[in-house]
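K.L.:
Sequence first, then the predicted structure:
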Amino acid sequence: MPELILILLIPIMPFAAFLLLGLANGNFIKRWAGAIGTGAILVSAGAALLTAYDYFFVYGGSGGAYRKILVTEYEWLQFTPEISIKMGLLLDPVAVMMMVVISFISLMVHSYSICYLKGEQRFNIYFSYLGLFTFSMLALVMSSNIFQMYIFWELVGVSSFLLIGFYYQKPSAVAAAKKAFIITRFADLGLLIGILILAFEAKSLDFEAIIGQFGHGKSASVSTSSAWLGISTISWAMLLVFIGGAGKSAMFPLHVWLPDAMEGPTPVSALIHAATMVVAGVFLVARLFPVYYFSAPEILNLIAYVGVFSALIAAIIACTQTDIKRVLAYSTMSQIGFMMFSLGVSGFGEEGLGFTASQFHLFTHAFFKALLFLCAGLVIHEVHSNEVSKMGGLRKSMPLTHISFLIACLAIAGIPPFAGFFSKEEILLAAWERNKPVYWIALFTSALTAFYMFRLYFLIFRNSNKHLHQPEHREGSAGQMVPLFVLAAGSVVLGLIPFGRFVSSDGRPLATELHLVFSIAPVLLAILGVSTAAWLYNAPGNRPQEVSQRLGNLYKAAYHKFYIDEVWLFLTKKVIMNGIGKPAAWFDKNVVNALVNFSGNSTIGLASKIKKLQSGKVQLYGMVYLFTVIASVLIIIFFINRN
Amino acid sequence: MLPLWLLPALPVITALLVILLPAKHTKFVSLAGTILQMMAVALLTVSFAEQRREGNSSLFLFDEKIEWFSSWNASLHFGVDGISVAMILLTSLVVTAGILVSWNIEKQGKEFFILLLLLASGAYGFFISLDLFTLFCFLEIAVIPKFMLIGIWGSGNKNYSANKLALMLMAGSALILVGILFMYYQMPIGKRSFDFVTILSNPLPLQSQLILFPLVFVGFGIFTAIFPFHTWVPDGHSSAPTAGSMFLAGISMKLGGYGCLRVATTLMPEAAQHYSIVIVILAAIAIVYGAFATMMQTDLKYINAYSSISHCGFVLLGIGMLTKSGINGAVFQMVSHGLMTALFFAVIGMMYARTHTRKVSEMGGLLKTIPFISAAMFIAGLCSLGLPGLSGFPAEMTVFMGGWERPETIYRVVTVLACMSIVITAVYILRAIGSTVMGPVKNREFEELPKAMWNEKLAAVILIAGIVIMGVLPFVLYKLVNPATQEIIKQMATG
C-alpha cells in the first residue's frame, strides 16, 4: 500500500524550501540557498522515484491494470453538500510519470542554477521561487479534484510570472511576465467556466466522479439531453477546459506569451517553459481523456487540429528566428502540438496508442528540451548574447556542451536510436491509423523540426568561418555539466522504455511495437532536414540569404511570426483599452459623477433662489401679498364666468 | 465570557483616556486599547466556537438586552452569529493596523486617534446590534468621524470629497431610517418594536416588503458602492489620510454589505427574491464596469478605490444570488476585501510617505529600495487578482459557485460576466505592480529611501497574516459563517 509520508514528502520538500528561502533573510541562508533548495528537491526526487517504483511494480497494478489510488483527501471548502474543493493526492500512471519528470528535471535545473546565478543579489529568492514552482507543479499533477488542480494551475502561473520577471529591473522582462500571466489568465477564464459547468453537470468536482459519469461508453446518450447551439453542454464544458489547457500549453492562438517568456533566466526556461509547466495543458486533456473521448468527441477532434496546426506554424516560425532561446521556444510549442494532436487522434483502450504516444513524447521531450536549454544557457554565458549571429564554431571551445547539444538535436529530430525517435514514431503511427490529414501535416512538420534544430546546431557549433574571437577552452562548472550529462544520457536511452506497459488510456498495458517499414519515411525526411540545414548553414557563402529572398513574403511573414502578436496587441490596446476601458472611465467621470454633482449643485442653486424669499423686507412681502390677492381674485372671477 | 457591550465600549474608554492623558501618551494608549480589544475579540471568537461545538444552536449567542427607549420599545439588544463574529474579527484586525500606520501622524494626533477609535466603536456596535434603532445609531457613529478625518487630515480636493462622502452616506442613512421607521409603524400598536428577532418572527406583509426593500437595500448599498451610487468611493478614498482610507474601505464598506444581508435580505426574504435579478445585474455592472474603469486610472489610490467598487460588487452579487454559497461567498468577500484593501491602502500610504507621489508612472523599481513594502504591495495585488493561497480566491470562487447554482439563464450570464473580471483585474493589478515596484528606478531620488519602520511592518504583517490564513485555511471561516447562512436560507424557504 502507498506510504502517505513518502508521497507527502514529494510536494512538501519544495514547499518547505520556498518558505525557508523566501522568509529567512540571513547571510547564511543567502549563501547556502542553492544547496538548501537543491537538497530539498533531491529528497523530493528520491521520494518520487521510490513512489514510482512502488506504484508500478508493487501495489499499483491489480487485475492486469493500473488502478487510480486516492491516497488521502481533505475537504477544503464546501459549496454544496456534493460539490466541494478537496485537497487530495491521486496516484495513477500519468500522475506518477509526471511526478518523476517534474522532480527530476527540477533537480537538474536546481543544480545547474547554483553556478548559473552565482553572485546574483536575490539568489535565495530565486531558489525560493523555484521551490514554489516545483511544489505547485507536483501538487497539480497529483490533484484528485479538478478545482484543486485549478488552484495549483494558478499557482504555477504566478510562479512563472515571478520567474520570468526575476530580473525585475529589465522592462522587457516585466512586460514578458505580465504578458504571460495575462494571456494564461484569459485562458484560465475558460477553464474556470468549464469547471463551473462540469461541476453542476456531474454534481461533483472529483476527477473520479466526473470521469465515472461521463467517461464511459454509456454516457454519450446522457449528455446530449441538454444542448446549446447544437453542441451538448458537456462538450461546451470540455471545450472551455481545453481553452485553459491551450493557454498554458501555448497552443495557437494563445501561444504568443511563450517566446517572450524567454526573458527569464535560462534554467527557468528549461524547467518551466520547456519541460514541465507548458505541458500542463497536455496533462489536463490526458487527465480528462475518457470524458473527451466518450462525451465530447467533436472537441477531441478539434484538439487534434489545433495541435497539429500549432505544431506546423511554430516549426515554420522556428526556421526563421535568430534568437537561440526563441527558436527553442517555438520548438517547444511545436513539440507540444505533437503531444496535443496525438491525444486528439487517440482512441480508448486497445486503440489508445495516441494517448500512450503523447505521454511518451512528453516524457522524452522533457529530457532533451531541458538539455537544449541548459546547453543554450552555457552558450549564452559564453558569448553574452542570445543572437546566433554572435555564435559560431563553438565546438572547439566547448566540446562537452557541443556533444550534449548534438545528442539533444538528434533526439528531437527523431533520428534512431535516440529517445525522440521512439516517441515521435508512435505519434505518427497513431495519426496514420486514425487521421490521415493530420499525419501528413505532422510528417512535414517533423522534417522541419530536423531542419530548424540542425540549423541552430550548425550556426552555433560549426560554421567556424565567421571572424569571431574564439575563447579558451571554457565549459560550465561541475554542477552544470553533470545535469547535462544526465539529461544527455536520458535522451539516448529513455526511448527504450516499453512505455505502453506503464501508461495507457485505460490503465491496461498497451503493446507498442516498432514498425520498421513505417519508420522509413519519417527518418528519411529527418535526414533530409538535417542535410538541408548542413547545406545551407555549414557552408561558405550566402546561401541562407539567397534562399530567404527567394521565399519572399512567406519568409517575411514567418520572420514576423505571422503577425499574431500584432493582432493581439490590436485587440488588447485598441479594442479593449480604448474601446471599453476609456469609455467606462469617461462615463464614470462625466455621466455618473456629473449627475451626482448636478444633484448637489442644483440643490444649492435651488436653495439660493428660495432663500431670497426670506429677505425681511416688509415692502416686498406687501407687494407679493397684494399681487397674490389680485391674481387670485382674477382667477376666481375667470372660473366663475366660465361656468 | 465578557459582556458584548464591552466591544463598542472599549474604544470609547480608550478615547476618553486619550482625552484625559497628555498628548505624548496618545499613541501608546490607543495601541494598548486596540490590543486589549483584539484580545477581547479573540476571546469572543473562541467562546463562540466553543458554544457552537457544545451544540448551542440558538440563532444569536451571548444575547443581552438593556432597556433604552422603553416608550418606543427600543433597547440595546446585542447578540452575535457567525457572520457578525467574522465581521468583528475583520474590524479588530483593520483597526489595529490602522492605528499602527498612523503612528507618525503630526497634525493634531490626539483628535485623529479619538476619531479613529470612535469609528471603531461605531463599527463594533453596528455588528453586534440586534435592534434596528440601535444599529442605526451605531451606523451614524461610524459615518460622522469620517467626514472630519477627510476634511481635516485629508489631501487633494479634500473638502469636495468630504462633503460628497458625507452627503451620499447621509442620503443612504436617510433611506435606511425611513425604511426602519416604516417597518416599525407597519406593526400593530402595542406590538411595535425595533427588535430584529421580533421582526424576524413576524415578517412584514409582501406588499410593504416590496416598497421597503429597495429603500433599505439601496440605503445600505450606497455604503458598499452599489452602482450607480458609487461615486463617493474614488474621491473619498483618495482624499482620506491612510488610516482613513483603510477604515473606509476595510470597515465602512462592510457596514453596507452586512446591512444589506442582515437587515434587508433577512428581514424581507420575499422581496429579496423578487428583486434578486435587479441586484445581481447591478452587481455585475459594478464588477465589470468598475474593473474597466480601474484599468484607466493612474493614481494608486484611485486604482484601489475603483477596484473596491469592483470587488464589493461580488458582495452584492453573492447576496443577490440568495443561495447558500452566494451568501457565504459574500461574507468571505467582505472579510477578504477588508483585509486586502486595508493592506493596499496602508502600503500606498507608506510609499507616498517616502516618494511623495501616488502616480503609477512616476514610481518604478521600488522593490530594490524598499523591498518589504514592495513585497507587501505584491501580496495585496496578488490577493486582489484572486490568487489561490490568499483570501481573495476562496471568496470569489464561492460567489461564482453560488451564482452558477442558480440554473436560470440570466443568472448564469451574470455569473460569467462576473468571472470575466478575473482577467481584467489581472490586467490592472499587474500594470500597477509592474510599473511601481518592478521596472527600472525612474527617479534618482528613489535610489535611497528609508526602510519600513517597525510599526509599518507590524501593520502589514497583521493584515498579511489574516489574508494568508483565510486563503490557506478557508474552512475555518466556512465553519464559522456557514451555520448562520443556513439559518438565513431556512428563513427564506419558510418565509
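P.N.:
That came through, no problem.
K.L.:
And the strands in the chain, which stretches?
P.N.:
You didn't pick a chain, so chain A it is. Under the criterion DSSP state E, chain A contains strands at A:61-62, A:65-66, A:69-78, A:84-91, A:227-228, A:231-232.
K.L.:
That was the other one, I meant chain B.
P.N.:
B:61-69, B:74-80.
K.L.:
Going by mean pLDDT, which of these comes out lowest?
P.N.:
Between the strands of chain B, the lowest average pLDDT goes to strand B:61-69, which shows a mean of 84.
K.L.:
most neighbours per residue, which of the strands of chain A?
P.N.:
strand A:84-91 (a mean of 22; mean count of other CB atoms under 10 Å in any protein chain shown). For the C-beta atoms, the positions are set from N, CA and C on the backbone; glycine is no exception.
K.L.:
between that strand and strand A:69-78, how many degrees?
P.N.:
160 degrees (axes from the mean of the first three to the mean of the last three CA atoms, to 10 degrees).
K.L.:
Quick one: list the elements packing against strand A:84-91.
P.N.:
Applying 3 or more CB pairs under 8 Å, 6 or more residues apart in numbering or on different chains; DSSP states H and E, one finds that strand A:84-91 contacts helix A:4-23, strand A:69-78, helix A:123-142, helix A:146-164.
K.L.:
try 6 Å
P.N.:
strand A:69-78 (3 or more CB pairs under 6 Å, 6 or more residues apart in numbering or on different chains; DSSP states H and E).
K.L.:
And for B:Lys442, nearest residue in space, chain neighbours not counted?
P.N.:
Closest residue to B:Lys442 apart from its sequence neighbours, by CB to CB, 6 or more residues apart in numbering or on different chains: B:Gly364 at 3.9 Å.
K.L.:
residue contacts, that neighbour?
P.N.:
B:439-442 (CB atoms under 6 Å, 6 or more residues apart in numbering or on different chains).
K.L.:
Same question for A:Glu426.
P.N.:
A:357, A:360.
K.L.:
Next one: it from chain B, what distance?
P.N.:
36 Å (CB to the nearest CB, to the nearest Å).
K.L.:
Mind checking the strands of chain B for the one nearest to A:Phe418?
P.N.:
Smallest distance to A:Phe418 across the strands of chain B (CB to CB): 68.7 Å, for strand B:74-80.
K.L.:
thinking again about what came up before, adding neighbour count and pLDDT, write the contacts of B:Gly364 out as a markdown table.
P.N.:
Output for these, formatted as a markdown table (neighbours: other CB atoms under 10 Å in any protein chain shown; pLDDT from 0 to 100):
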| residue | neighbour count | pLDDT |
| --- | --- | --- |
| B:Gly439 | 23 | 84 |
| B:Pro440 | 12 | 86 |
| B:Val441 | 17 | 85 |
| B:Lys442 | 15 | 81 |
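K.L.:
Looking at these, which one is closest to B:Leu115?
P.N.:
The nearest one, if we look at the contacts of B:Gly364 relative to B:Leu115 and count by CB to CB, is B:Lys442, at 36.3 Å.
K.L.:
how close does the closest one get to B:Glu362?
P.N.:
7 Å (CB to CB, to the nearest Å).
K.L.:
what sits in contact with each of the two?
P.N.:
By CB under 6 Å, 6+ apart, no residue touches both B:Lys442 and B:Glu362.
K.L.:
before we move on, the earlier item: comparing the strands of chain B, which comes out most buried?
P.N.:
strand B:74-80 (a mean of 22).
K.L.:
any idea of the angle that one forms with strand B:61-69?
P.N.:
Relative orientation of strand B:74-80 versus strand B:61-69 (the same axes, to 10 degrees): 170 degrees.
K.L.:
Give me the distance between B:His274 and chain A.
P.N.:
24 Å.
K.L.:
Okay, that residue and B:Thr425: tell me how far apart.
P.N.:
Where B:Thr425 is concerned, B:His274 sits at a distance of 31 Å (CB to CB).
K.L.:
how close does B:Leu339 sit to chain A?
P.N.:
Distance from B:Leu339 to chain A, by CB to the nearest CB: 18 Å.
K.L.:
OK, contacts around B:Leu31?
P.N.:
B:Ile99.
K.L.:
now chain B, which segments are flagged as low pLDDT?
P.N.:
When residues are selected by pLDDT under 70, those of chain B lie in B:1, B:495.
K.L.:
What residues does it have near chain A?
P.N.:
Neighbours of chain A within chain B, by CB under 6 Å from any CB of the partner chain: B:228, B:231, B:289, B:292-293, B:295-296, B:325, B:365, B:367, B:387-388, B:394, B:401, B:404, B:419, B:423, B:426-427, B:430, B:434, B:438-440, B:474.
K.L.:
Looking at these, which are in helices?
P.N.:
The helices, defined by DSSP state H, take in B:289, B:292-293, B:295, B:325, B:367, B:394, B:401, B:404, B:419, B:423, B:426-427, B:430, B:434, B:474 from these.
K.L.:
Among those, pick out the one closest to A:Phe147, please.
P.N.:
Looking across those and measuring by CB to CB, the closest to A:Phe147 is B:Met401, at 9.1 Å.
K.L.:
Return the residues in contact with the closest one.
P.N.:
B:Met401 neighbours (CB under 6 Å, 6+ apart): A:79, B:325.
K.L.:
Give me the PyMOL select line for the residues of chain B next to chain A, limited to the buried ones.
P.N.:
A single PyMOL command is used to select the members of those judged buried by 16 or more other CB atoms under 10 Å in any protein chain shown:
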select buried, chain B and resi 228+231+289+292+293+295+296+325+365+367+387+388+394+401+404+419+423+426+427+430+434+438+439+474
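K.L.:
B:His274 and B:Thr425: which has the busier surroundings?
P.N.:
B:Thr425 (25 against 15; other CB atoms under 10 Å in any protein chain shown).
K.L.:
shouldn't B:Trp404 be in contact with A:Leu196?
P.N.:
Yes. Between B:Trp404 and A:Leu196 a contact is recorded at 4.5 Å, counting by CB atoms under 6 Å.
K.L.:
Name the nearest residue to the residue of the stretch 1-150 of chain B found nearest chain A, sequence neighbours excluded.
P.N.:
Nearest residue of the stretch 1-150 of chain B to chain A, counting by CB to the nearest CB: B:Gly82, 14.5 Å away. Excluding its sequence neighbours, the residue lying closest to B:Gly82 (CB to CB, 6+ apart) is B:Ala484, at 3.9 Å.
K.L.:
same question, A:His255
P.N.:
A:His255 sits nearest to A:Met333 (CB to CB, 6+ apart), 5.3 Å away.
K.L.:
again with A:Thr356
P.N.:
Per CB to CB, 6+ apart, closest to A:Thr356 is A:Gly500, 4.5 Å.
K.L.:
How many residues are close by that neighbour?
P.N.:
Around A:Gly500 there are 21 residues (other CB under 10 Å).
K.L.:
So A:Gly194 sits against A:Ile243, correct?
P.N.:
No. Assessed by CB under 6 Å, A:Gly194 is found out of contact with A:Ile243, at 7.5 Å.
K.L.:
of these two, who's got more company?
P.N.:
Neighbour count, other CB under 10 Å: between A:Gly194 and A:Ile243, A:Gly194 has more, with 24 against 21.
K.L.:
residues near the closest residue to that one other than its chain neighbours, how many?
P.N.:
Residue nearest to A:Gly194 in three dimensions, not counting chain neighbours: A:Leu240, with 3.2 Å by CB to CB, 6+ apart. Counted by other CB under 10 Å, the residues lying close to A:Leu240 total 21.
K.L.:
Distance-wise, check A:Leu240 relative to chain B.
P.N.:
10 Å.
K.L.:
ok, now how distant is B:Met351 from B:Thr425?
P.N.:
B:Met351 is 20 Å from B:Thr425, by CB to CB.
K.L.:
How many residues are close by the residue nearest to B:Gly82?
P.N.:
B:Ala484, neighbours per other CB under 10 Å, totals 24.
K.L.:
No further questions, thank you.
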